[in-house]
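>>> Show me how the following folds:
(one chain, ligands or ions: 1)
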Amino acid sequence: MDKKKIAVLIGSLRKESYNRKMAKEMMALPSERIDLEIVDIADLPHYNEDLETEHPPKSWTAFREKIKGADGYLFFTPEYNRGMPSALKNAIDIASRPYGHNCWAAKPGGVVSVSISALGAFGANHHLRQSMVFVDVLLMQQPEAYIGNAAALFEGGTLVQDTKDFLEKYLRAFEEWVAKF
Ligand code: FNR
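As a prediction, this is how the structure comes out:
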């Protein structure tokens, strides 16, 4: 059976991002059912309807194709002021347009939120879920993934075993979720 292609979107743009590290940890786990591939959102110009001409920015078009071509989405997001970072919201908006050409629709998804604080970016996780309702990405409900105290989890550069085990549990559940579609 062909593996399903899952686009991984990371809400943090910084190199040493804990969200990126957590995504990489999950991507390092073996899967016979899904392929995880990071789709970069760093260089997407801010969404502006005036640019929605016959020739929109090339990076928008390339990003839209990648989102359309994926079988599902896995988001890793930090929390900025109790919401998702603007770069991630921008990416969601770009692939939802032009009107009538929503690239996300009717696909499965998952959200992992990672923060250096104890709350595990709960606010960003649910802010993202709000937009997913409208763009029609069907998010896995359980297990939820709010990973807090991220700096401590990577002490010495290696992720602690408990969190590795949790990421594995999450990935197996996500494989099941994707298989339902
Ligand atoms: C933050 N941070 C943060 N953390 C949190 O738990 N709740 C919040 O509301 C905020 N707000 C916030 C705003 C802005 C502008 C920044 C830059 C940061 C801290 C944040 O969790 C921390 O920087 C993480 O390390 C970001 O994730 P990455 O970049 O490590 O993936």
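>>> so the residue nearest to the spatial centre of the chain, which of the three states?
The centroid of the chain falls nearest to F75 when counting by CA atoms, centre = their mean (1.4 Å). Following DSSP: H, G, I helix; E, B strand; the rest coil, the label given to F75 is strand.
>>> Same question for P56.
Classified using three-state DSSP, P56 is coil.
>>> gap between it and D93?
To D93, P56 is 13 Å away according to CB to CB, to the nearest Å. Quick note: C-beta positions are derived from backbone N, CA and C, even for glycine.
>>> just G110 next, same as before
20 Å.
>>> roughly how far out does stretch 49-67 sit from the chain middle?
20 Å (CA atoms, centre = their mean, to the nearest Å).
>>> With stretch 41-48 instead?
Worked out by CA atoms, centre = their mean, stretch 41-48 lies 16 Å from the chain centre.
>>> buried sites along it?
For stretch 41-48, burial by neighbour count (16 or more other CB atoms under 10 Å) applies to 41, 44, 47.
>>> related to what we said a few turns ago, hang on, the residue nearest to the centre of the chain packs against L88?
Yes - with contacts counted by CB atoms under 8 Å, F75 reaches L88, the gap being 7.3 Å.
>>> Give the intersection of the neighbour lists for those two.
Counting by CB atoms under 8 Å, 6 or more residues apart in numbering, the common neighbours of F75 and L88 are 9, 11, 128.
>>> Mind naming the longest helix for this protein?
helix 161-179 (DSSP state H).
>>> Just the CA atoms of that one, as CSV, please.
Output of helix 161-179 as CSV, limited to C-alpha atoms (Å, rounded to 0.1, in the frame of the first residue of the first chain):
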residue,chain,number,x,y,z
GLN,A,161,12.3,9.2,26.9
ASP,A,162,8.8,10.0,28.3
THR,A,163,8.2,12.6,25.6
LYS,A,164,9.7,10.2,22.9
ASP,A,165,7.1,7.6,24.0
PHE,A,166,4.3,10.2,23.9
LEU,A,167,5.4,11.3,20.3
GLU,A,168,5.3,7.6,19.3
LYS,A,169,1.8,7.2,20.8
TYR,A,170,0.6,10.3,19.0
LEU,A,171,2.1,9.2,15.7
ARG,A,172,0.4,5.7,15.9
ALA,A,173,-2.9,7.4,16.6
PHE,A,174,-2.4,9.8,13.8
GLU,A,175,-1.7,7.0,11.4
GLU,A,176,-5.0,5.4,12.3
TRP,A,177,-6.7,8.8,11.9
VAL,A,178,-5.3,9.3,8.4
ALA,A,179,-6.2,5.7,7.4
